[in-house]
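Novice: My questions are about this predicted structure, shown below with the sequence.
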Amino acid sequence: MLAEYLRRLLQYYPETGIFTWRVAPSHCIKAGARAGQDRGRGWRVIEIGGRRYPEHTLAWLYMTGEWRPQQLDHRNRVRGDNRWPNLRLATRAQQQENRNLNRNNTSGAKGVVRVPYASGWRWRAQIERTADGKRKTHYLGFFEDFVAAVAAREAAERAMFPHSALLS
């Protein structure tokens with residue numbers, strides 16, 4: 001019933017991820033106008049009946065007719081990219097695997113950090129995995145070469161997270 005109501009109010013274009021209004025929701029918004037607004041940090045929301053809904057959640061409802069049973073993840077990590085092929089159901093652990101670099105990352109590669117070593121500076125590769133609600137760090141070794149450390153991290157990522165969207 002909620003999906004039918006949504007489809008009467010809005011038109012969703014799966015190839016672009018854009019919603020437009022089928023009917024004018026107010027005197028200042030016309031039918032055919034793009035629905036929703038950017039609420040900061042890339043997220044878009046659409047207000048229906050005085051309540052704000054994340055645009056990606058409405059896209060899932062529009063396409064499947066069901067409220068999302070789990071969390072939704074943007075495969076390409078762009079929060080405002082709500083194209084249907086870019087959305088997937090994901091567990092919390094899968095979302096963590098598909099994260100961007102942390103703000104304080106200085107190497108430019110996920111899981112690779114420059115550290116002091118007995119004979120000078122080395123690159124340490126590591127990977128984190130969340131299981132049973134606990135985060136565990138797996139250290140992959142020290143490398144003199146940055147490229148070798150990145151390669152070790154990527155190999156571990158392929159082995160530990162074969163279902164990851166970025167690796168497919």
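Specialist: Structure's in. What do you need?
Novice: Please make it C-alpha for all contacts and neighbour counts, starting now.
Specialist: Fine.
Novice: what helices or strands is the longest helix along the chain leaning on?
Specialist: In the chain, taking DSSP state H as the definition, the longest helix is helix 146-160. Applying 3 or more C-alpha pairs under 8 Å, 6 or more residues apart in numbering; DSSP states H and E, one finds that helix 146-160 makes contact with strand 112-117, strand 120-131, strand 134-143.
Novice: Where in this protein is the helix or strand with the lowest mean pLDDT?
Specialist: Taking mean pLDDT, DSSP states H and E as the measure, the chain has helix 92-97 as its least confident helix or strand, at a mean of 69.
Novice: Okay, buried residues for stretch 14-30 please.
Specialist: Neighbour-count burial for stretch 14-30, counted by 16 or more other C-alpha atoms under 10 Å, picks out 14, 17, 18, 19, 20, 21, 22, 25.
Novice: go on, stretch 54-64?
Specialist: Buried residues in stretch 54-64, counted by 16+ other C-alpha under 10 Å: 54, 55, 56, 57, 58, 59, 60, 61, 62.
Novice: again, but for stretch 113-132
Specialist: Using 16+ other C-alpha under 10 Å as the test for burial, stretch 113-132 gives 113, 114, 122, 123, 124, 125, 126, 127, 129.
Novice: Quick one: end-to-end distance for it.
Specialist: End-to-end distance for stretch 113-132: 26 Å, by C-alpha to C-alpha, to the nearest Å.
Novice: average model confidence for it?
Specialist: Stretch 113-132 shows a mean pLDDT of 86.
Novice: which residues are contacting that stretch?
Specialist: Residues from elsewhere that reach stretch 113-132 (C-alpha atoms under 8 Å, 6 or more residues apart in numbering): 93, 97, 106-107, 111-112, 135-146, 149-150, 152-153, 156-157.
Novice: one more time with 6 Å
Specialist: For stretch 113-132, the surrounding residues in contact (C-alpha atoms under 6 Å, 6 or more residues apart in numbering) are 93, 111-112, 135-144, 149, 153.
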